[in-house]
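Colleague: build the 3D model from these lines:
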Amino acid sequence: MKFILLFGPQAVGKMTVGQELEKITGLKLFHNHMSIEMVAPFFSYGTAPGKRLVRLFRQAIFEEVADSDLDGLIFTYLWSFDRQADWDYVEQICRIFESKGGVVCFVELEAELGIRLERNKSPHRLKHKPTKRDIDFSERDLRSKMATNRLNSLEGEIKRENYMRINNSTLSPEEVATMIKQRFEL
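Modeller: Numbering: from 1, shown residues only. As a prediction, this is how the structure comes out:
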């Protein structure tokens, strides 16, 4: 089993690349907003109950997939590299799959701010992420997180062998998915 952790800042294209990767590999995509959108009608993700429920749903999915006969899972994540809690969470997720003999592959996406701001309001993104439909709020949140958190790793910070970093500013989601498929032999 392979667990593909697809991470990067907001609106970098994680979900869209994940969807393309799912098409060409057969691996299932669990993008981070699937759990957020499920909880949002009851509790905002920014609240303690919202975060707790999202975490519980994700944990249950990870454990069931790791115990299944699926070939793997693609998961998207907004990783704040300056928060130890995020490092701990990533390690915890990886352990779930590695403890069952799974292989974890890290894929980091990066793109310039202007491109991300355009992607932030794309119809495709808004279709799949209802909580992002308030564009003004979403853009303020994107800029705020960028100002207060480091959302891409530093050179050499990620020590895992199964790691790749892609600047997808000028690449199509299909091109990026193909690069990932080839690199990790999916």
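
Colleague: so in this structure, which strand runs the longest?
Modeller: strand 103-110 (DSSP state E).

Colleague: tell me which helix or strand of this structure sits lowest on mean pLDDT?
Modeller: helix 123-128 (a mean of 81; mean pLDDT, DSSP states H and E).

Colleague: residues making contact with the helix or strand that the longest strand of the chain is followed by?
Modeller: Once the chain leaves strand 103-110, the next helix or strand it forms, by DSSP states H and E, is helix 113-120. With contact meaning CB atoms under 8 Å, 6 or more residues apart in numbering, helix 113-120 is reached by 9-13, 111, 125, 132, 135, 138-139, 142, 146, 169. C-beta coordinates here come from the backbone N, C-alpha and C atoms, glycine included.

Colleague: go with 10 Å
Modeller: 8-13, 16, 110-112, 125-126, 129, 132, 135, 138-139, 141-143, 146, 167-170 (CB atoms under 10 Å, 6 or more residues apart in numbering).

Colleague: with stretch 172-186 instead?
Modeller: 2, 4, 6, 13-27, 71-72, 74, 103, 105-107, 109, 124, 162-164, 166-168, 171.

Colleague: who are the contact partners of Arg52?
Modeller: Val39, Phe43.

Colleague: report pLDDT for it.
Modeller: For Arg52, the model assigns a pLDDT of 96.
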